[in-house]
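Colleague: Sequence and predicted structure, then a few things I'm wondering about:
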Amino acid sequence: MTAYDESNVFAKILRGEIPSKPVHEDEHALAFPDINPLGPTHILVIPKGKYVSFEDFAAKASEAEIVGFVRAIAETAKKAGLTQAEGGQGFRLIANAGPAAHQEVPHLHMHILGGGNLGPVGMQKSRDKA
Ligand code: AMP
């Protein structure tokens, strides 16, 4: 696994060098809209710690960071009005990890997609290729 790159765009957002409009922020995580939304609601949630990917986070993050990140994702979905408990229609979570998944930014981020009917998960193509 590659070492953490301090110059990645989400590290710059965390350091305040690039502006963002937080949807949610707490001790462990920051959530902000994706700059190139794939649907009506597309938010990214990132841990504040320096983790390259989900794989890196799962291996090295503390239990408090892991719980904090998961709860921050849920809180962000709630604030965006996507959770069924809040009357929303649901949402999809995606974390691309590594080159096969086309992870572009090497700081763990969870995509939250929602705001409409998302259709089934687009796995058919990769299954056909296998
Ligand atoms: P991934 O392919 O999973 O690494 O996704 C990276 C995501 O980061 C893409 O959906 C980009 O649109 C998004 N992105 C890149 N730069 C920014 C930025 N400055 N603010 C918000 N989203 C960004």
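Modeller: In hand now; what should we look at? Here the structure is a predicted model, which means the values were calculated and not measured.

Colleague: Tell me which residue lies nearest the centroid of this protein.
Modeller: Geometric centre of the chain, nearest residue: residue 110, 1.5 Å, by C-alpha atoms, centre = their mean.

Colleague: In contact with that residue, which residues?
Modeller: Taking C-beta atoms under 8 Å, 6 or more residues apart in numbering, we find residue 110 in contact with 44-46, 69, 73, 93-95. No exception for glycine: its C-beta is placed from N, CA and C like everyone else's.

Colleague: Need the max-distance pair from those residues.
Modeller: The two members of those with the most space between them (C-beta to C-beta) are 69 and 94, at 14.8 Å.

Colleague: Touching the longest helix seen in the chain from outside, list them.
Modeller: In the chain, with assignment by DSSP state H, the single longest helix is helix 63-79. Contacts with helix 63-79, where a contact means C-beta under 8 Å, 6+ apart, come from 23-24, 26-29, 31, 43, 45, 47, 49, 57-58, 61, 83, 85-86, 88, 91, 93, 110, 112, 114.
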